[in-house]
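1. my questions concern the predicted model and sequence given below.
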Amino acid sequence: MNNDKLIIGGHEFNSRFILGSGKYSLKLIETAVRDAGAEIITLAVRRANTKEQENILDFIPKEVTLLPNTSGARTAEEAVRIAKLARELGCGDFVKIEIMRDSKYLLPDNYETIKATEILANDGFVVMPYMYPDLYTARDLVNAGAAAVMPLASPIGSNKGLSTKDFIQILIDEIDLPIIVDAGIGRPSQACEAMEMGAAAIMANTALATAGDLPLMAAAFKQAIQAGRMAYLAGIGRVLTRGASSSDPLTGFLRD
Amino acid sequence: MENSFFVDSEHLSQAAIEKKHRLEMDKSFRKNHMEYLPGMEQIESDVCEKVMSNVKNYDYSKYTAKDVRAALEHEICSIEDFKALLSPAAESFIEEMAQRARLETSKHFGNTVYLFTPLYIANYCENYCVYCGFNCYNHISRMKLTMEQIEHEMKVIADSGMEEILILTGESRSKSDVNYIGEACKLARKYFRMVGLEIYPVNTDEYRYLHECGADYVTVFQETYDTDKYEQLHLLGHKRVWPYRFDAQERALRGGMRGVAFSALLGLADFRKDALASALHVYYLQRKYPHAEMSLSCPRLRPIINNNQINPLDVHEKQLCQIICAYRIFLPYVGITVSSRESAEFRNGIVKIAATKVSAGVSTGIGDHESKYNGKESDGAQGDEQFEIDDSRSLDKMYKDIAGEGLQPVLNDYLYV
């Protein structure tokens, strides 16, 4: 368990909780690091302050890895520009690709995301694409050079949990990169279930930001993610299946 | 050298006998079996390393009944679960494995069983594989059909109602070259809906050519994945090169073939390790080429002409059934073929559990379909058989038998595009 690291693009992390950027506040960042143990924090480049007051970068501890995202991008081209801007701002080589062409549901555009992933991976970025859980898209993202694949569990900000559970399981079973469940996880139990399934990490924001007691919920997520990871590593136990088996043996024909 | 398969024909010249004996006794006289020969394409691939590292570390004696039970209870069968199902500890769970295998088969294939027939068009061979009836030192009647003879054979088979054919040759590039096989494929397209090939491994561009000629499925048996044992059994010829054979399916897929089939000849070496390697070969190639269709065959050694020392009973029916059930549970989406080497009783039983494809109206000889199908004496020469078959049922009989078991025989589910 001590050697169980999350590895993304050759970088090692101990924590499997990643803080999203949706409902950001400086208090949220503080508690995510302190109580949930986050080592990666997403940063919406479009929200970076241009005026000299309360720059978010000043509030993120130096040991935390910044994950700038491309929120606001509607095409691969725009996402590439935002990613390059983030690198110029000194945010490092990590980038989470978010491309939405729907302002109502904020669902990711898989096709544009594949294109942006290929361009940015070729440019040396550690690319973490946010996507709708589709096997073909996931394979294309692997081939395009992604460092992880980040399927959504439910519509972003909905706290509805694992609506796409079966499809996320397919990605976990078939894709050799870390599968990080992003968007829609609303409760620690849902985070735990995703980790039991074999997800590599959980990204959440709204679940914490809208909780009654923020630090307490952050701690609950930390423990739930750890519990789910431990259960996955331990190997899930059996489920008894009831029902009669054929009274006529199938193997009666074997001669020797 | 420890080997029970050597037989000397009295028809060989003194020089040939001497060369044969030296090949058998003196390893230094044999070519390095891991080294490619000139003209053999070498592709970049990580599949072999993935498969063989698993096989190398497989100690089936460490698995217990507890591991087998856990494997049967898991919704998805992991590689580790599969290893448990192949172990001796799983033998006493054969009925439970069969029940689970039947469930997986019915989920993916319903109650269908596909029928096909092989057509051997030549039995010349340049290899000395000590267990094979076609080996170059075995004194048998050799033959290569002309295009007219091939077309005649195909007509006889097509008239029986068969829609899928598997074209086979001995492994001789000089006697049965790629163009000859390609021409046979073009003929086969006229009479059959699906054309498969079981020939010597070729390069990617040659697979592409054969695909354009109408073939769409390539079967290559690795025989054994144990490279040391392989070296002792394949003493001469291009077949001796183990890695070129291993990558054949991958080259076939890169050449545009729709599907590929795999197998070890169970009983040549440690059959549990060979079964593990065969299935992992499928598993890793499927992950790399997810569009491809894959299937596994499960042959055991069969007696051949002029050699009564070959005994198929090293792998008993119970172990064969165990392997097939384990294949099905680990790879529920993969076709499983059981050949006419097995008895009618075994094949009737196994199609109810896991097999999805069986041959019918089979001859492993050359140019003898008319005499076998219609009882008409052939006026031409015939080539000897590769091995003896057990289940000699005709298509008509097989169709009725399968339907009689409550299963649905299928002659074709395929469109060449």
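-> All right, it came through fine.
2. alpha carbons only for contacts and neighbour counts from here, please
-> Fine.
3. contacts only, for whatever residue of the stretch 51-200 of chain A ends up closest to chain B.
-> Residue of the stretch 51-200 of chain A nearest chain B, by Cα to the nearest Cα: residue A:174 (7.1 Å). Neighbour list for residue A:174: residue B:287 [criterion: Cα atoms under 8 Å, 6 or more residues apart in numbering or on different chains].
4. if we go to 10 Å?
-> A:135, A:138, A:139, A:168, B:287, B:290 (Cα atoms under 10 Å, 6 or more residues apart in numbering or on different chains).
5. from chain A, how far out is the last one?
-> Taken as Cα to the nearest Cα, to the nearest Å, the spacing of residue B:290 relative to chain A amounts to 10 Å.
6. what strand or helix carries that residue?
-> Following DSSP states H and E, one finds residue B:290 outside all helices and strands.
7. avg pLDDT for stretch B:58-71?
-> On average, the pLDDT along stretch B:58-71 is 95.
8. show residues contacting it.
-> For stretch B:58-71, contacts defined as Cα under 10 Å, 6+ apart pick out A:236-239, B:52, B:72-73, B:77-93, B:96-97, B:272-273, B:276, B:329-330.
9. that older thread, for the residue of the stretch 51-200 of chain A closest to chain B, give me the pLDDT.
-> Per-residue confidence (pLDDT) for residue A:174: 93.
10. isn't residue B:345 right next to residue A:251, touching?
-> No. Counting by Cα atoms under 10 Å, residue B:345 stays clear of residue A:251, with 11.2 Å between them.
11. more neighbours: which of those two?
-> Neighbours per residue, other Cα atoms under 10 Å in any protein chain shown: of residue B:345 and residue A:251, the larger number sits with residue A:251, 21 against 12.
12. so what's the more buried one up against?
-> By Cα under 10 Å, 6+ apart, residue A:251 lies in contact with B:94-99, B:318, B:321-322, B:346, B:349-350, B:352-353.
13. which one of the contacts of residue A:174 sits closest to residue B:210?
-> Residue B:210 lies nearest to residue B:290 out of these, by Cα to Cα, at 21.8 Å.
14. you'd agree residue B:122 is up against residue B:173?
-> No. Assessed by Cα under 10 Å, residue B:122 is found out of contact with residue B:173, at 11.1 Å.
15. more neighbours, those two?
-> residue B:122 (26 against 18).
16. what are the bridge partners for that one, then?
-> Beta-bridge pairing of residue B:122 under DSSP bridges involves residue B:144, residue B:169.
17. mind checking how far residue B:96 is from chain A?
-> Distance from residue B:96 to chain A, by Cα to the nearest Cα: 9 Å.
18. buried residues in whatever helix or strand that residue lives in, which are they?
-> For residue B:96, the host element (DSSP H and E) is helix B:94-109. By neighbour count with 16 or more other Cα atoms under 10 Å in any protein chain shown, helix B:94-109 contains the buried residues B:94-105, B:109.
19. could you dump those into JSON lines with pLDDT added?
-> Shown next, in JSON lines, are the buried residues of helix B:94-109 (pLDDT from 0 to 100):
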{"residue": "B:94", "pLDDT": "96"}
{"residue": "B:95", "pLDDT": "95"}
{"residue": "B:96", "pLDDT": "95"}
{"residue": "B:97", "pLDDT": "96"}
{"residue": "B:98", "pLDDT": "96"}
{"residue": "B:99", "pLDDT": "94"}
{"residue": "B:100", "pLDDT": "95"}
{"residue": "B:101", "pLDDT": "96"}
{"residue": "B:102", "pLDDT": "94"}
{"residue": "B:103", "pLDDT": "92"}
{"residue": "B:104", "pLDDT": "93"}
{"residue": "B:105", "pLDDT": "93"}
{"residue": "B:109", "pLDDT": "89"}
